[in-house]
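Trainee: I would like to see how this sequence folds:
(chains A and B)
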Amino acid sequence: MQTTILYIGRDTEITVVMNRLLNARPEWKGICVCTDEEAISILKAQEVDLVLLGNGISLKCEKALRANIIALKPDVKIIQHYGGGSGLLYGEIMTALA
Amino acid sequence: MSQFILHKENTRGHANHGWLNAHHSFSFANYYNPERMHFGVLRVLNDDLIDGGMGFGAHPHDNMEIITIPLAGAIAHKDSMGNSAVIKSGEIQVMSAGTGVSHSEFNALEDKKLSLLQIWLFPNKKNVTPRYDQLALDVDARQNNFQQILSPNQDDEGVWIHQDAWFSLGKFDKGFETEYKIKKAGNGVYAFVISGEVTINGQTLSKRDGLGIWDTDSISFKANTEGAEVLLMDVPMELS
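Mentor: Numbering: from 1, shown residues only, chains lettered A, B, ... in the order given. Take a look at the predicted model:
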């Protein structure tokens, strides 16, 4: 069974990398977007197990985003992704899903 | 009462990619150990040995303070901020990844292996403007002295980062004893032995061992072998 992971970050290049990394593992399904609107529409349309907040999201946007996510999916886990690449990703996800 | 955690050299994560022989003091890439996630804001301590001419192609980073210390050899660095530089042993490089930066890192020499420490700290502020710096250190100034090489302050000795952290390097004569005072209340110290054998707070440490100490305001230090080299990372224990 796949874990569906939604990544939200503002940097296009990092988003492309995250999409590649998340979908490189058969146990994960990664969906990566740059805008909060795209993120919310995905959360409305399908089940998501974990949300990764990536780079460039202002504190104000993050607060609103977290509130909207919880309103839509109260049980979804939301974590901050640091590093923008493969270094910390596996550990972050494993810790969140443990 | 001070607390400590000991990470012996042979308990680190290990990944040998042929051109890259890497040891991880904390979980990194495919090495995952839930008991080795971080020491305070210190998240990554990688001990990399890279073949001549080889390295990491362009790849992005964000929201990390990334410090690179070449121990032997030289790194060729290029990044999306327009920096192109070679960092040699005796120098230190720092990159605040902030909102996002892309860089490449290669062994600048074709005929010599590159040995480096790469250290990542969680920043105390997210989404800062990316920045890069490098500095040639006065290597002689660390003889029997913990030479400060990094701090949170632009005007202080060494490079600076977006975190209340201080790094110091020292190289010591056999039998030399000293005390290191922690720079800020609430910080702990992670000591990493680059070479030789030392005793810190009664714990004997060998090459590439790590010792994290917290809930104290100072640590005791003694060099047990001639030329023992140690990196001290004085870091906040609370994640902001």
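Trainee: where do the strands sit along chain A?
Mentor: A:3-8, A:28-33, A:50-53, A:77-80 (DSSP state E).
Trainee: For the residue of chain B found nearest chain A, which residues are in contact?
Mentor: Relative to chain A, the nearest point of chain B is residue B:62 (3.5 Å; Cβ to the nearest Cβ). Where C-beta positions appear, they are placed from N, C-alpha and C, glycine not excepted. Applying Cβ atoms under 8 Å, 6 or more residues apart in numbering or on different chains to residue B:62 gives the contacts A:9, A:11, A:14, A:54-56, A:82-84, B:97-101.
Trainee: Mind doing that once more with 10 Å?
Mentor: Counting by Cβ atoms under 10 Å, 6 or more residues apart in numbering or on different chains, residue B:62 makes contact with A:9-11, A:14, A:54-56, A:81-85, B:97-101, B:123, B:126-127, B:130.
Trainee: what's the spacing between the nearest residue to residue A:12 once chain neighbours are set aside and residue A:7?
Mentor: In space, residue A:12 comes closest to residue A:34 once its chain neighbours are excluded; the distance is 6.2 Å by Cβ to Cβ, 6 or more residues apart in numbering or on different chains. From residue A:34 across to residue A:7, the span is 10 Å (Cβ to Cβ, to the nearest Å).
Trainee: likewise residue B:32?
Mentor: 19 Å.
Trainee: What residues sit buried inside the helix or strand encompassing residue B:68?
Mentor: Residue B:68 belongs to strand B:65-72 when elements are defined using DSSP states H and E. Buried residues in strand B:65-72, counted by 16 or more other Cβ atoms under 10 Å in any protein chain shown: B:65-71.
Trainee: From those residues, pick out the ones that also neighbour chain A.
Mentor: Under the cut-off given by Cβ under 10 Å from any Cβ of the partner chain, chain A has residue B:66 from the buried residues of strand B:65-72 close to it.
Trainee: tell me which parts of chain B are close to chain A?
Mentor: B:24, B:26-34, B:36-38, B:43-44, B:46, B:58-64, B:66, B:80, B:97-102, B:118, B:120, B:122-123, B:126-127, B:239.
Trainee: Just these: which are in helices?
Mentor: Judged by DSSP state H, helices contain none of the residues of chain B next to chain A.
Trainee: Buried subset of those, written for ChimeraX?
Mentor: Selection command for ChimeraX covering only the buried members of the residues of chain B next to chain A, criterion 16+ other Cβ under 10 Å:
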select /B:24,26,27,28,29,31,32,36,38,43,44,46,59,60,61,62,63,64,66,97,98,99,100,101,102,118,120,122,123,126,127
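Trainee: Mind checking which of the residues of chain B next to chain A land in strands?
Mentor: Using DSSP E, the subset of these located in strands is B:24, B:43-44, B:46, B:58-61, B:66, B:101-102, B:118, B:120.
Trainee: Dump the strands of chain A to JSON lines, plus mean neighbour count, distance to chain B and mean pLDDT.
Mentor: What follows is these, written out as JSON lines (neighbours: other Cβ atoms under 10 Å in any protein chain shown; distance: least, Cβ to the nearest Cβ, whole Å; pLDDT from 0 to 100):
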{"stretch": "strand A:3-8", "mean neighbour count": "23", "distance to chain B": "12", "mean pLDDT": "98"}
{"stretch": "strand A:28-33", "mean neighbour count": "20", "distance to chain B": "13", "mean pLDDT": "98"}
{"stretch": "strand A:50-53", "mean neighbour count": "22", "distance to chain B": "9", "mean pLDDT": "98"}
{"stretch": "strand A:77-80", "mean neighbour count": "15", "distance to chain B": "8", "mean pLDDT": "97"}
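Trainee: could I get these as a markdown table with distance to residue A:69?
Mentor: Listed next are these as a markdown table, based on distance: least, Cβ to Cβ, whole Å:
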| stretch | distance to residue A:69 |
| --- | --- |
| strand A:3-8 | 9 |
| strand A:28-33 | 13 |
| strand A:50-53 | 6 |
| strand A:77-80 | 6 |
